[in-house]
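1. 3D model of this:
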Amino acid sequence: MSKRFILCIAGLLLVLRGAVAQNYPSQEQFGRNRIQYRKFDWKVIKTSNFEIYFYQEGNQIANLTAQYAETDFDRITEILGYTPYNRIKVFIYNSPQELAQSNIGLSAPSGTNYKELSLAKSRLELAFTGDQISFRKQLIREVSLLFVYDMLYGGSLKDALQSSLLLSLPEWYMPGIASYIADGWSVELDDYMRDVALTRPIRKPSTLVGDEAMYVGHSIWNYIAERYGKDNISNILNLTRIIRNEQNSIASTLGVPYSRFLREWREYYASMAKPVIDGYKPGEDTFQLTVSSLKEPSQLTSLKLSPDQSHYAYATAWRGKFEVTIVNTQTQKKHVIRKGGYKQDESPVKPASPLVTWQRDNLLVLTEEKGQTYLYIYSDLDKKPKLKQRIVVRGVGQVIDMDASDDGASVVFSADRRGQNDLYLFSIGRGTAQQLTNDLYDDLYPQFVGRTRQIVFSSNRHIDSMGVDKGNYKSIRNQLSLFLHDGSPRVEVVSRLTDSLSVAMRPVAATESTVYYLDDATGVRNLARLDVETKSREFVTGFPQNIRRYDLNPTSGAMVYSQLKNGSEVIGFRSRVNLSQSLQLPLTRRAAVQEVPKAIAATKPTTASTSSANSAQAPVVDSTAASSLKLGPGEVDTENYQFDSDVAKSIEVKQRRTLNTTASVALPRSRRRENVTIRGPYKYQGLFVASDASSDWRIDPIRGFGYFQSLTMNDLLENHIIRAGLFITTNLKNSDLFTEYHKLVNRIDYSARFDRKTIFSDAGQYQKYRFNKVTVSASYPISVNSRFTVAPFYIVTRYLDLLQVGGSSSDYTGAKAEYVFDNTTLNGMNMIEGTRFKIRYENYIGLTEKIESGVRRGAGSFDRISLDLRHYQKIHRDITLALRFSGSHSAGPAPKKSTLGGMENWIGISEGIKDPKANNPLLLSPNRDNRDVFFLDLAAPLRGFRLGKLTGTSYMLGNAELRLPVIRFLHRGPVTSNFLRNFQLVAFSDIGTAWAGKGPFSRQNSLNTEVVGGAGDPFQATVTNFKNPFLLGYGAGARTMLFGYYVKFDYAWGVENNVVGKPIAYLTLGYDF
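-> Residues are numbered from 1 along each chain as shown. Model (predicted):
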């Protein structure tokens, strides 16, 4: 390949560097689906800074969203030092399951990150999590992330695309600051960083991804706020926007080298972790089981111990799939009794289901599937578990926790409906639910008390009476207290058991006078024992890591629990826990710093309903442990509080400068908006906006080099999509035109499309060919990964000889049936994992054919069946083995051809990239009607050969590529250069054949049969060859982004009939194979 040719290609790509997407007509389109199980009637309310979109039963959630967002708007912008220019659009869904039905992001261009696309458009999608506390945190986290993205990357999609080429931030940076703003210095953050500091010190935060990156980023921003002051957060962000390097921004703002900053960050959390490990004694487990890891971070959604402690059951969920497992505590064997769901992209909302609980010897499993909530009852768990009954749960929305009564007749739900979380009593026999509470406050973790109908639960309500205060966005707090409900729907008052300033959660009642629950007053969430009569509390476990979930048999002392260990969530089982002991546990540094303001607040006058149980407000601290505890900066000896006016005043001032765990009190009241003006609701107007305008250059195998431009428009919800595109060659005589419309509102997706193609040939004669096609289709999504499509069509083809009068034309009708499966995930540019395939059958019925001699009816009919199967297997880290098999067969009175060889979008001189043999359909003959070229099936890649090497009515093709992203494999941190970040080395092998006849090995097929003589020669003979019908190609190549295009270079050798040919170099545009 000459230097001049290479320079011309590089120059051409440089001129076209503004292109943002590439799609090639011959590449198969796969993609996932969204299934709508209900009809959404959208409305919108507006505030000064937000537009909140909602649908049926979501009015209260929408109003709360507006109030929460506007209330914290000034606080977020104060921390960031930035105010966005655009009004933020927030789409609210009533549950994560209904969020999964959204079409937003489904039409995003290939290779585009849907999350970043939404951020660039100032658009958020949120699902109500089932309770106010977690929903508000999620809302603040997502709003903060959008503000940071807008601040660093610009306020439009164009600005974001341009900035992304220059600014590449590690994954901890933006999610970390968003998590910090939402949660502050939380007990969960402390727990995570204790595990990091003691088991896996992190040297390079830039190598982390996913939730691990978010938690570590959260800790870095928290360290900056605590060590250097909150004001430096905005300074670092603004400097990052200017110099486009986060390490230099941190070093310049804080005045310390970045390496020293990381070392001091590690030492900060390690110094806090060591006293906890020394002062807390966890004891020994009978056995442990790991249920999630850093590589497969599945979420533990439920954990329950059987009444006879012979088994425990747990449920996990990850990327749309779930499993319910039972474990024999004697043999330690586990058995999956139910699994389901479909693999999908990770959602920002963690699902609450599946849930499990025990009904005596039976196991109850609650799942949300296909828009319904189901309660399954399993029996015979000692042998082979079998499904005893399935009940459809109606009358409630999203269920986030449950417990079965001792007699097994009822189940108490903590569930939401119309945006508020309440308690419901569900009758298994009648299948109906009775509402026990009815207010905005969260009622969580319900448990029956022994054999009674009484229910103990956690709530953030302020007063005991349920009829007086229904709650509002101003009164919602993060602290949880324990309450006792009589179990009757007519009860107006609940009994308060604790009035802790900490979080009291997951109660288990041993008797009517003793309750066990999780308490984080010491800074670590441990099991505590509450005496209901005296209101006294004692800790009975001393784990240095938080107990996340647990279940307990108070009679035997058996306990099952989960906690974080070495980055994984581990379930531990103990056959006996000493529940009568009273442990003296020291405060963590975080708890010590925050305990003084809580104690000050407790000394202020309160109402009678909120001032009881003072003995349960602060942890009991061993005096020797406290005296031996080394106090760091800002720590307080809790045995020697001094509440004089000067100290109280100084603490209150410190609180104004420190981000507290509760976001709502992180800044003075003057920084928070007390009254929020809401306008609406208004009916949603489906106005169309341009969402994508892509342009690129394509190399058509027949018409050569051309320019392609497309435009995509859709409404805000992407339920209605309009696309139009134009391809035109450099001589302005060849063109493609298409327009299509998609309606994705209902269970069945509908679309309509018009295609027009024009081919102009001046090879010996001036000929023009036209192709017009109208298609309507209906697709039925079977799951999010698969769909079935039926598409009838009508086609007209026309041939014109421009030097003569007249021509010919044909029209066809027919239909296409297609099944598509796709469970792949995109891990980076051209880095795919999973399986996808497509099976298609097309039937073309020839109606009429007009030629010079007259009209023929019913001529030209044919059909075609084709398959495209691809599998992408991750071998090690980012190294991927990509496999593909494709094939096609055409039959009928006028079967159409397939051609094999070369690569798609091959940049080169037309005569040099096409095989010169006479029967190559890519070389239009001036002496015949070439309209069949519109139905030609181009099979590629078969490297080592030119386009059109083999031709037939059938073909088979296999491809294998080993893809190594070199820089990502060697360097785990962010890479600024788009060229290096996407650079891949590839080793490949292709094998394929095409034939007409019985089969590739048949003696009577087109490969092995050659006619010699004839056409004036008096002798004619048919020669049968016995050569290998398969062509083999092998070689190596490289791929990367160059001037905004994904460019592939391959160097391949072809093997034909066991003879290795000369190598061929390929320079092509496009992704995948």
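2. lowest-pLDDT helix or strand in this protein?
-> helix 623-628 (a mean of 34; mean pLDDT, DSSP states H and E).
3. what about Ser252, neighbour count?
-> For Ser252, the neighbour count with other CB atoms under 10 Å is 15. Backbone N, C-alpha and C define where each C-beta goes, glycine included.
4. er, Leu970 actually
-> For Leu970, the tally of surrounding residues (other CB under 10 Å) stands at 8.
5. which pLDDT value belongs to it?
-> Listed pLDDT for Leu970 reads 83.
6. same question, Asp345
-> 66.
7. tell me where the stretch 851-1000 of the chain has strands.
-> Under the criterion DSSP state E, counting those that start in this stretch, the stretch 851-1000 of the chain contains strands at 854-857, 862-876, 879-891, 898-900, 937-939, 950-952, 954-965, 984-995.
8. want to try CSV for the ones you listed, with distance to Ile224 and mean pLDDT as columns?
-> Output for these, formatted as CSV (distance: least, CB to CB, whole Å; pLDDT from 0 to 100):
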stretch, distance to Ile224, mean pLDDT
strand 854-857, 80, 70
strand 862-876, 35, 93
strand 879-891, 36, 93
strand 898-900, 60, 91
strand 937-939, 56, 89
strand 950-952, 64, 89
strand 954-965, 32, 94
strand 984-995, 36, 93
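9. looking at the ones you listed, which is buried most?
-> Among these, strand 898-900 has the highest mean neighbour count (mean count of other CB atoms under 10 Å), at a mean of 27.
10. okay, now the sheet partners of it, with direction.
-> strand 937-939 (parallel), strand 950-952 (antiparallel) (DSSP bridges).
11. before we move on, back to that, what's the closest of the strands of the stretch 851-1000 of the chain to Gly429?
-> Evaluated with CB to CB, the strands of the stretch 851-1000 of the chain place strand 862-876 nearest to Gly429, the distance being 48.5 Å.
12. give me the contacts around the closest one.
-> For strand 862-876, contacts defined as CB atoms under 8 Å, 6 or more residues apart in numbering pick out 28, 824, 832-844, 880-896, 935, 937, 1072-1073.
13. that strand vs strand 954-965, what angle?
-> Strand 862-876 and strand 954-965 are oriented at 20 degrees to each other (axes from the mean of the first three to the mean of the last three CA atoms, to 10 degrees).
14. JSON lines for the strands of the stretch 851-1000 of the chain, including distance to Trp221?
-> As requested, those are exported to JSON lines (distance: least, CB to CB, whole Å):
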{"stretch": "strand 854-857", "distance to Trp221": "75"}
{"stretch": "strand 862-876", "distance to Trp221": "32"}
{"stretch": "strand 879-891", "distance to Trp221": "33"}
{"stretch": "strand 898-900", "distance to Trp221": "56"}
{"stretch": "strand 937-939", "distance to Trp221": "52"}
{"stretch": "strand 950-952", "distance to Trp221": "60"}
{"stretch": "strand 954-965", "distance to Trp221": "30"}
{"stretch": "strand 984-995", "distance to Trp221": "34"}
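15. how about these, which one is nearest Tyr269?
-> For Tyr269, the closest of the strands of the stretch 851-1000 of the chain is strand 862-876, at 31.1 Å, according to CB to CB.
16. what residues of stretch 1052-1068 count as buried?
-> Ala1052, Gly1054, Val1055, Glu1056, Ile1064, Tyr1066, Leu1067, Thr1068 (16 or more other CB atoms under 10 Å).
17. closest one of these to Lys370?
-> Distance to Lys370, by CB to CB, is smallest for Thr1068 among these, at 42.5 Å.
18. just checking, what packs against the helix or strand that closest one falls within?
-> Element membership for Thr1068 (DSSP states H and E) is strand 1064-1069. In terms of contacts (3 or more CB pairs under 8 Å, 6 or more residues apart in numbering; DSSP states H and E), strand 1064-1069 is packed against strand 689-700, strand 1045-1056.
19. give the contact list for Arg836.
-> Arg836 makes contacts with Phe30, Val820, Phe821, Asp822, Asn823, Thr824, Leu869, Arg870, as judged by CB under 8 Å, 6+ apart.
20. taking strand 984-995 as reference, get the angle to whichever strand or helix holds it.
-> In the assignment (DSSP H and E), Arg836 maps to strand 831-851. Between strand 831-851 and strand 984-995, the angle comes out at 30 degrees (the same axes, to 10 degrees).
21. okay, buried residues for strand 831-851 please.
-> Across strand 831-851, burial judged by 16+ other CB under 10 Å covers 831-838, 840, 842-844, 846-847, 849.
22. equivalent analysis for stretch 576-589, please.
-> Buried, per 16+ other CB under 10 Å, within stretch 576-589: Val577, Leu579, Leu583, Gln584, Leu585, Pro586, Leu587, Thr588, Arg589.
23. who's in contact with the first one?
-> By CB under 8 Å, 6+ apart, the residues touching Val577 are Gly283, Leu527, Val540, Thr541, Leu552, Gly557, Ala558, Met559.
24. pull out the buried residues from the residues you listed.
-> With burial judged by 16+ other CB under 10 Å, the buried subset of these is Leu527, Val540, Thr541, Leu552, Gly557, Ala558, Met559.
25. hang on, the first one packs against Val515?
-> Okay, so that is Leu527. No. When contacts are counted by CB atoms under 8 Å, Leu527 is not listed as touching Val515 (11.1 Å).
26. point out where the stretch 351-500 of the chain drops to low pLDDT.
-> 500 (pLDDT under 70).
27. please redo it, this time with the cut-off set to 80
-> Applying pLDDT under 80 to the stretch 351-500 of the chain flags the ranges 351, 464-469, 471, 500.
28. same check, this time on the stretch 551-700 of the chain
-> Applying pLDDT under 80 to the stretch 551-700 of the chain flags the ranges 594-675, 691-692.
29. tell me, how many residues neighbour Lys39?
-> Other residues within reach of Lys39, judged by other CB under 10 Å, total 10.
30. looking at this, it is in a helix?
-> No. Counting by DSSP: H, G, I helix; E, B strand; the rest coil, Lys39 is located in no helix; its state is coil.
31. check contacts around it.
-> Each residue near Lys39 by CB under 8 Å, 6+ apart is listed here: Val745, Asn746.
32. and the gap between it and Gly419?
-> According to CB to CB, to the nearest Å, Lys39 and Gly419 sit 19 Å apart.
33. same deal with Val676?
-> In this view, Val676 and Gly419 are 16 Å apart by CB to CB.
34. so Thr357 makes contact with Ser410?
-> No. Counting by CB under 8 Å, Thr357 stays clear of Ser410, with 11.5 Å between them.
35. just to revisit the earlier point, farthest-apart pair in the contacts of Val577, please.
-> In terms of CB to CB, those reach their longest pairwise distance at Gly283 and Leu552, which sit 14.6 Å apart.
36. doesn't Ala213 lie inside a strand?
-> No. Secondary structure assignment (three-state DSSP) places Ala213 in helix, not in a strand.
37. how about it, what does it touch?
-> Residues near Ala213 by CB under 8 Å, 6+ apart: Pro170, Glu171, Trp172, Pro175, Gly176, Pro205.
38. quick one, what contacts the fifth one?
-> Same thing as Gly176. Applying CB under 8 Å, 6+ apart to Gly176 gives the contacts Ala213, Met214, Tyr215, Val216, Gly217, His218, Ser219, Ile220, Trp221.
39. what do you get for the second one?
-> For Glu171, the set of contacting residues under the criterion of CB under 8 Å, 6+ apart consists of Ser206, Leu208, Val209, Gly210, Ala213, Met214, Gly217, Pro974.
40. mind checking the end-to-end distance for stretch 433-453?
-> 15 Å (CA to CA, to the nearest Å).
41. residues of that stretch that come out buried?
-> Using 16+ other CB under 10 Å as the test for burial, stretch 433-453 gives 433, 436-437, 439-449, 453.
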